[in-house]
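Novice: sequence and predicted model, in that order:
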Amino acid sequence: MKKKIFLRGLLGIPLGIAQGYIITILISLIHADGYYSSCVPDLVVTMGSEIKAVIFQTALSGLLGAVFAASSVIWEMEDWSMVKQTGLYFIITALAMMPVAYFAKWMEPTFRGFVSYFGIFLVVFIVIWSIQYFFWKSRIDKMNEELKTKRKQ
């Protein structure tokens, strides 16, 4: 199990970096008036240069990818309830996401900013969880129907 967690974490690093990069492109398309915004301007100021800010944000994105990927082993714990799996996965990913968002300057450094960002994280988590739940429920229902058909034959 430890080896699986470690290997998934390693795989998650480049995936997190790629997702972070894609997000900067999407945000730039929406908010940067035709320019590419590699990171939040406040992060550039804090880090002292754009390249330092980009490197720092890339490392944080890799860390997030590693945490999300490594903690995905939770979904394979067959003796755990779905509530326990979901709760633990949410807690682990939120505990990683919130400090990363704070240090990367993705959220306003106030209580209101924290609550707002956490709310967005919660909504995105629920949407993605629901999509995955209904996708897998549909596949399992289909497999069960196929088993019933085979048993009748």
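Specialist: Perfect, I can see it now.
Novice: from here on, contacts and neighbour counts on C-alpha atoms
Specialist: Noted.
Novice: what sits against the residue most central in space within the chain?
Specialist: Centroid check for the chain by C-alpha atoms, centre = their mean gives residue 68 as the closest residue, at 5.7 Å. Contacts of residue 68 were listed using C-alpha atoms under 8 Å, 6 or more residues apart in numbering, and they are 9, 12, 93.
Novice: which strand or helix spans it?
Specialist: Secondary structure assigned from DSSP states H and E places residue 68 in helix 50-70.
Novice: check which element follows that helix along the chain.
Specialist: Downstream of helix 50-70, the first helix or strand assigned by DSSP H and E is helix 82-103.
Novice: quick check: mean pLDDT of the following helix or strand past that following helix?
Specialist: Downstream of helix 82-103, the next assigned helix or strand under DSSP H and E is helix 111-152. For helix 111-152, mean pLDDT is 92.
Novice: okay, the angle between helix 111-152 and helix 82-103?
Specialist: Between helix 111-152 and helix 82-103, the angle comes out at 150 degrees (axes from the mean of the first three to the mean of the last three C-alpha atoms, to 10 degrees).
Novice: numbering from 867 from now on, please.
Specialist: Okay, using 867 as the starting number, the last item reads as helix 977-1018.
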